[in-house]
Structures are given as structure tokens and as C-alpha cells.
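Colleague: show me how the following folds:
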Amino acid sequence: MYKYLYSLIVVFVLISCKEEQKLLINGYVPGNEYDGEWIYLVPFSGATNETIDSVRITDGQFHFEKSIVKEEIAILRTRPVLRLRLQELLVVIEPGKLNVVLNEESFASGTPLNGRLQQWKERKEQMDDTENLLRKMLKTADDSSQVELQRRMEKLAEEYITYNYEFVKDNRNNELGSFIYGMIEGSLTDQQKEALDIRR
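Modeller: Predicted structure coming up:
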């Protein structure tokens, strides 16, 4: 009797664990003008026809159910002509439920690593906007102002490197940290790389 009960418990636990290893994506786009368009879930690296998922937008919504083989980075995107209005979005394939809004400033929330990736995205966009503004000001600045603007740009670049380093340091044991490390590796010192100790 106990042996039979134990076997049932083991089977139940295995089934439950298996069900948890999925990412459910609930996506939204503004209005119904994009109904019938395709949304693609594309692996960031090694994408093939077999590994790309796609669904149609219906009533301003789309849904993916992705089995988790391993944590990886993917891109949610539309066909190219729509990407100025529906910004493509990096997502982490991890277990859980992810809510996504695709618009001019797409965002995601609902799972731990995707929450961190969204924070990184917002910080990067803020810094990019500031850098673009400084570059624009630099074009029309007089000599004395150019020195100050150059100093501010250098400081911004240092802040960005430091932010990315700390971000990778906090995420060095997951796929997100490894992904961001691949983007910033060239800007890090040998000492910083050694401290992070990330194997890619």
C-alpha cells in the first residue's frame, strides 16, 4: 500500500515539475490594427526554421507556450516594416508567466530574469538618450562648451561601463549575465573579466 502511494506521489511530482518547465507569454499590441500579423519568437543565437516559433495577433493579443530545455535569450519581433511601431524585445526563456506589451517602447514583466532584463533595457535607453542629446549639443557648441560636453560624455561612458559590470556581477550565475557579458566584454579591463570569471 505504502509502496503504491509513494509511486503515485513520485509520478505526481514529476508531472508537476514537467509542467512548471514552460514559459507562457501573454502579449498585447495597441488596438486591433495589427490583427492577422505574425509575431515571431526567435532564438538570439543559432536560429533556424525549426527553432523559430510564430503566432498570429488576434484581437490585439498573442500567446506563446514555450517548453524550457535550457535558459536562453530570444527576441520577440514582427516583420521588419512594423518594427518602428512595434519595438522588438529581448526576453529570457525561463519558467513562468510573462506579460509583454509590444509598442514603440516594448516591455515585459512577470518572471525574475525578465524583470531584471527590463530594468537593464530601461537604463540603457536612458543612457542612450542622454548620449544622443550630448552629441547633438556638441555639434553646435562653442569651444569652451565642447570641453564640458566631452567631459560629460566621458563620465556617462564610465557610468555605463560600471553599471553593466555590476549588472553582470549580480547575474553571473544565469543566462542573462552571460548574455550581457558578451555585449560588454570588450569594454572591461582584464581585472574586471577575471573578477567576473564567466565561462562562455
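
Colleague: surely residue 123 touches residue 166?
Modeller: No - under the criterion of CB atoms under 8 Å, residue 123 makes no contact with residue 166, lying 10.9 Å away. Every C-beta, even on glycine, is put in place using the N, C-alpha and C of the backbone.

Colleague: what about these two, which has more around it?
Modeller: Neighbours were counted for residue 123 and for residue 166 using other CB atoms under 10 Å; residue 123 has more, 15 against 10.

Colleague: what about the host helix or strand of that one, average pLDDT?
Modeller: Following DSSP states H and E, the helix or strand that holds residue 123 is helix 112-140. Helix 112-140 carries an average pLDDT of 94.

Colleague: same check on stretch 41-61?
Modeller: On average, stretch 41-61 scores 92.

Colleague: list the buried residues of that stretch.
Modeller: 41, 42, 55, 57 (16 or more other CB atoms under 10 Å).

Colleague: list just the nearest of those residues to residue 139.
Modeller: residue 42 (36.7 Å; CB to CB).

Colleague: what strands line up against the helix or strand that contains that closest one, and which way round?
Modeller: Under the criterion of DSSP H and E, residue 42 resides in strand 38-43. Applying DSSP bridges, strand 38-43 is found paired with strand 53-56 (antiparallel), strand 72-77 (antiparallel).

Colleague: what residues sit buried inside the helix or strand following the first one?
Modeller: Stepping forward along the backbone from strand 53-56, the first helix or strand reached (DSSP H and E) is strand 61-67. Neighbour-count burial for strand 61-67 flags 62, 64, 66 (criterion: 16+ other CB under 10 Å).

Colleague: could you tell me the angle between the helix or strand containing residue 152 and helix 112-140?
Modeller: Per DSSP H and E, residue 152 falls inside helix 143-170. Inter-element angle recorded for helix 143-170 and helix 112-140: 170 degrees (by axes from the mean of the first three to the mean of the last three CA atoms, to 10 degrees).

Colleague: mean confidence for helix 143-170?
Modeller: 92.

Colleague: before we move on, back to that, and the strands paired with strand 38-43 as TSV, adding distance to residue 24?
Modeller: As requested, those are exported to TSV (distance: least, CB to CB, whole Å):
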stretch	distance to residue 24
strand 53-56	12
strand 72-77	14
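
Colleague: quick one, which of these gets closest to residue 89.
Modeller: strand 72-77 (4.7 Å).

Colleague: the closest one versus strand 61-67: what angle between them?
Modeller: Using the same axes, to 10 degrees: strand 72-77 against strand 61-67 is 160 degrees.

Colleague: name the residues that touch strand 72-77?
Modeller: Applying CB atoms under 8 Å, 6 or more residues apart in numbering, the contact partners of strand 72-77 are 25, 27, 39-45, 83, 88-93, 100, 102, 106, 175-176, 179.

Colleague: what's the end-to-end length of stretch 30-45?
Modeller: With CA to CA, to the nearest Å as the measure, stretch 30-45 spans 29 Å from end to end.
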